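Colleague: no sequence for this one, just the structure:
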């Protein structure tokens, strides 16, 4: 077997394992991949010194969720996680955060900020980050894009 064939076989096995877990839970495989990616991103952020304060934060007033909310120093970061089972140079994971998704994340972030005390809300630095997670046979690879898009 060539190196590429070995890599593809390992990738196939990882995906089948994820599908089996999803089926046992009664969910879709892509949701299991996303869940694993969020978990990998959470641990990655902690290793980078972030303090994660919320995971999958939701509000009844808006559709969607904030994948991760974390502090890096005195900056509050709203982190969108994009997970892929393979790496594609022409279509990287972070490219899935299009303008519509950015607008939704901004609305969600404003709703989150409204829940903070006024003295924090009015003074806090806010940043939108994206983490691309690639579930590779040798483990997960995470890429952090700080200030991936503006607050507006």
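Modeller: That came in fine, so what should we check first? Everything numeric here is computed off the predicted structure, so don't read it as measured data.

Colleague: alpha carbons only for contacts and neighbour counts from here, please
Modeller: Noted.

Colleague: Quick check: which ranges of this structure have low pLDDT?
Modeller: Low-confidence segments of the chain (pLDDT under 70): 1-30.

Colleague: what about the helices in it?
Modeller: Counting by DSSP state H, the chain has these helices, from start to end: 3-25, 29-47, 99-114, 118-121.

Colleague: which other residues reach stretch 140-152?
Modeller: Contact with stretch 140-152 is made by 40-41, 44, 102, 106, 126-135, as judged by CA atoms under 8 Å, 6 or more residues apart in numbering.

Colleague: Counting neighbours, which of the residues you listed comes out on top?
Modeller: Within the contacts of stretch 140-152, most neighbours by other CA atoms under 10 Å means residue 133, with 30 neighbours.

Colleague: now that residue, which residues is it bridged with?
Modeller: In this entry, residue 133 is beta-bridged to residue 83, residue 142, by DSSP bridges.

Colleague: residues in contact with it?
Modeller: Residues near residue 133 by CA under 8 Å, 6+ apart: 37, 40-41, 81-84, 93, 140-143.

Colleague: quick one: which two of those residues are the most distant?
Modeller: Greatest spacing in those, by CA to CA: 40 and 93 (14.5 Å).

Colleague: out of everything not next to it in sequence, what's closest to residue 49?
Modeller: Of all residues not flanking residue 49 in the chain, residue 72 sits nearest, at 6.9 Å (CA to CA, 6 or more residues apart in numbering).

Colleague: So what pairs up with the one you found in the strands?
Modeller: With DSSP bridges as the rule, residue 72 is bridged to residue 75.

Colleague: Tell me how many other residues crowd it.
Modeller: Look at residue 72: counted by other CA under 10 Å, it has 15 neighbours.

Colleague: what do you get for residue 88?
Modeller: Using other CA under 10 Å, residue 88 is surrounded by 10 other residues.

Colleague: distance of it from residue 148?
Modeller: Distance from residue 88 to residue 148, counting by CA to CA, to the nearest Å: 19 Å.

Colleague: Please apply the same query to residue 95.
Modeller: Counting by CA to CA - residue 95 and residue 148 are separated by 10 Å.

Colleague: Repeat that for residue 108.
Modeller: 16 Å.

Colleague: Which one's more surrounded, those two?
Modeller: Neighbour count, other CA under 10 Å: between residue 108 and residue 148, residue 108 has more, with 22 against 17.
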